[in-house]
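*Asks:* Quick one: sequence and predicted model below, then my questions.
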Amino acid sequence: MMKRGSNGSNRNNNNGWGGSSTSDKRHSIGSINKGYSAKQNSGSVGSAASILFAFSFIVIVAMGGATIHYRKMTDRFEHELAIMRGRTKSMARGHQSGHQSDLNLFHEMKGPAGDNDADDANNNNSITSQQMAQIRATKSKLQGQSSKWSTKATSADNSILALTTQIEHLKTHELNAYRTKMTALTDHLSQEKIVTQKFREEFISTHKKGESGIVPGGPGHALVQRREIERMESLDDYEDYVQRREDALWIKIDVLVAKFGKSSQRETEEWFGNGIHKAELDIEYPQYTVDLPPSSWPRIRGTFTFEMAPLDLMPIAVNLFLQQVHHKLWNGCSFVINAMHILQAGPHRYDESQSGKYDANVAALVQGFQSAKLDKMPFQEYNEKYPHDTHTVGFAGRPGGPDFYINKIDNSENHGPGGQSHHDLHEEADPCFGRLVGGMEILEELNKIPVDDKRGSLLLHSVVIMDSRVVIGGRPEEKERQEGNAGNENGNQQSQQPQGNGDGNNNDNPNAGGESARIENEQNNDQGSNRFEANRMPAMGPGRI
């Protein structure tokens, strides 16, 4: 409109310029041009302002639309979160009230989900920055809790899957195997019940007939026990009955052991006297020589001296060994094993035709022990006060004997109670009955003789027991016997001398004083022979009663 007004004025002015000069016209035209330029610049400024205003309006509208879109996205997220919480409600019962209060607070601040754009635009101005911060904090909290429970739900699903797989495996594989085992055990149990019933009937029948001979006390006692047996119903009843009988038998065994020990002690004292008892074994062995091979070593003799254990500790084993020595049963036997811990001897003989070979349990040697009934211990006698220390002597085997060994080291655990686990009664121990007190240097010499480690440390050269004897009162038994025999001869000579008639004259009558001489001679013979009558007595030691 401004342009139109300007153009009209120009036209009117042009109509009035007809009589004006040329300079005036030029001045007027210059003025018109300047005015037109000013008007033109004013129009350009107005257009820029309009554009700026339009741009600002667009920006404001866009921000409002972004806010509305953000609120819609938040509402949609809260809606999906509510659905997820419903699914995980069973795992989040403890946290449901907190979630619900947060959601209610959120809805109170933002209004119900699903409002139209116009309402969002109207309420947009009512949301303050503090409320927006609270919304964001609530959203972050809900996202964290949702992630946490989602992780737990995933873990629970994995556990369920693993358990399901394991259950299926048990059903298809192990369950059938368990059923088979259960069937086999059931059948075995049925068979055991049948066998148990047969044993029970046989047990009752035997006791009723009195065939077992183990029910003492006469008919009255037997009747009481039969009734007790017939009332037995469970295995515990039978075990209690057997245990009581076993206890009674052990009491009798203890009485017999004590009785046997006293008898052996008395027999040892009667045969070999009181005090300390010793035995000597003369052995022949190859002496180690540096410049010669073992087969050319000179053979020499030496003596092992053994001191017996106190009779009140080991009466049976001591008596057995002394009787074996007294009856020369060890003569001709050999030491065959020289291991790190023991040196063992027995009725064995080195085979000269084969180096390192032995004839074990030679019949002639074993028969000597057996015929004298001196081959075995009646039971495994042991006393904890006399353990298998270094250089002690013990019987080998179960029952012990006749082999014996010298402990080269402390074998208190190996040969004591429980040390011989390969035997049936592993709690038993080897009898320890003496100690090596003489011949230590011989033991060192024997350690130089080669052994066969592959065959139980057998000596590769013979070590033979040449002679054996019991030492009485510090003197060998043979010397004591010789002196006793000399006393007998003196008594006989005195009895053969002429006897006087009491008046100092000799009586030429051979019958004079004959009766008194005969009586004196018999008394001397008895005094000289009683101490060693045992040399001609049959063996009566342990293991023979």
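*Replies:* On my side now, so go ahead. Numbers count the residues shown, from 1 in each chain.
*Asks:* Can you give me the buried ones in stretch 140-149?
*Replies:* 142, 145-146, 149 (16 or more other C-beta atoms under 10 Å). C-beta coordinates here come from the backbone N, C-alpha and C atoms, glycine included.
*Asks:* I'd like the list of the residues you listed that fall within helices, please.
*Replies:* 142, 145-146, 149 (DSSP state H).
*Asks:* can you redo those residues as CSV with pLDDT?
*Replies:* Below are these laid out as CSV (pLDDT from 0 to 100):
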residue, pLDDT
L142, 88
Q145, 86
S146, 87
W149, 89
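*Asks:* N274 - how many residues pack around it?
*Replies:* Using other C-beta atoms under 10 Å, N274 has 10 other residues around it.
*Asks:* Could you report the separation of it from H326?
*Replies:* Relative to H326, N274 is positioned 16 Å away (C-beta to C-beta, to the nearest Å).
*Asks:* which residues of the stretch 301-450 of the chain fall in helices?
*Replies:* With DSSP state H, counting those that start in this stretch as the criterion, the stretch 301-450 of the chain has helices at 315-326, 363-371, 440-446.
*Asks:* about what we covered before: and the ones in helices among the buried residues of stretch 140-149, which two are furthest apart?
*Replies:* Spatially, the most separated pair among those is L142 and W149, at 10.7 Å (C-beta to C-beta).
*Asks:* Could you give the bridge partners of I342?
*Replies:* N407 (DSSP bridges).
*Asks:* same question but for F335, I mixed them up
*Replies:* A345, V463.
*Asks:* Is it in contact with I465, as I believe?
*Replies:* Yes - if you go by C-beta atoms under 8 Å, F335 and I465 touch, sitting 7.4 Å apart.
*Asks:* in the stretch 201-350 of the chain, which spans are strands?
*Replies:* For the stretch 201-350 of the chain, applying DSSP state E, counting those that start in this stretch gives strands covering 278-286, 299-308, 334-338, 342-346, 349-350.
*Asks:* Distance to N407 and mean pLDDT for those strands - can I get that in TSV?
*Replies:* What follows is those, written out as TSV (distance: least, C-beta to C-beta, whole Å; pLDDT from 0 to 100):
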stretch	distance to N407	mean pLDDT
strand 278-286	16	97
strand 299-308	12	97
strand 334-338	13	96
strand 342-346	6	96
strand 349-350	23	92
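*Asks:* can those strands go into TSV with extra columns for distance to K198 and mean neighbour count?
*Replies:* Rendered in TSV, the data for these read as follows (distance: least, C-beta to C-beta, whole Å; neighbours: other C-beta atoms under 10 Å):
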stretch	distance to K198	mean neighbour count
strand 278-286	55	21
strand 299-308	53	17
strand 334-338	49	23
strand 342-346	46	22
strand 349-350	52	20
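*Asks:* Present the ones you listed as TSV; the columns should include distance to V437.
*Replies:* Listed next are the strands of the stretch 201-350 of the chain as TSV, based on distance: least, C-beta to C-beta, whole Å:
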stretch	distance to V437
strand 278-286	8
strand 299-308	5
strand 334-338	18
strand 342-346	15
strand 349-350	27
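*Asks:* Between those, which one is closest to R76.
*Replies:* strand 342-346 (94.3 Å).
*Asks:* so what does the closest one touch, helix or strand wise?
*Replies:* Applying 3 or more C-beta pairs under 8 Å, 6 or more residues apart in numbering; DSSP states H and E, we find strand 342-346 packed against strand 334-338, strand 404-407.
*Asks:* closest to S159 among the ones in helices among the buried residues of stretch 140-149?
*Replies:* Nearest member of these to S159, counting by C-beta to C-beta, is W149, at 15.2 Å.
*Asks:* any idea how far A363 is from D430?
*Replies:* Distance, D430 to A363, using C-beta to C-beta: 26 Å.
*Asks:* Have a look at these two and say which one is more surrounded.
*Replies:* Taking other C-beta under 10 Å, D430 and A363 do not tie; D430 has more neighbours (28 against 10).
*Asks:* That one touches G418, doesn't it?
*Replies:* No - at 11.6 Å, D430 does not count as touching G418 under the criterion of C-beta under 8 Å.
*Asks:* Please identify the most buried of the helices of the stretch 301-450 of the chain.
*Replies:* helix 315-326 (a mean of 26; mean count of other C-beta atoms under 10 Å).
*Asks:* Tell me what angle that one forms with helix 363-371.
*Replies:* Angular relation of helix 315-326 and helix 363-371 on a 0 to 180 degree scale: 130 degrees, by axes from the mean of the first three to the mean of the last three C-alpha atoms, to 10 degrees.
*Asks:* What's the mean pLDDT across helix 315-326?
*Replies:* Per-residue pLDDT values over helix 315-326 give a mean of 97.
*Asks:* Check stretch 428-437 too.
*Replies:* 95.
*Asks:* tell me how far the ends of it are from each other?
*Replies:* Taking C-alpha to C-alpha, to the nearest Å, stretch 428-437 runs 27 Å from one end to the other.
*Asks:* got the contact list for it?
*Replies:* 278-279, 304-309, 314, 316-318, 320-321, 377, 380-383, 386-389, 391-396, 398, 400, 406, 415-420, 443 (C-beta atoms under 8 Å, 6 or more residues apart in numbering).
*Asks:* Which residues are in contact with each of F335 and I465?
*Replies:* Common contacts of F335 and I465 (C-beta under 8 Å, 6+ apart): 283, 345.
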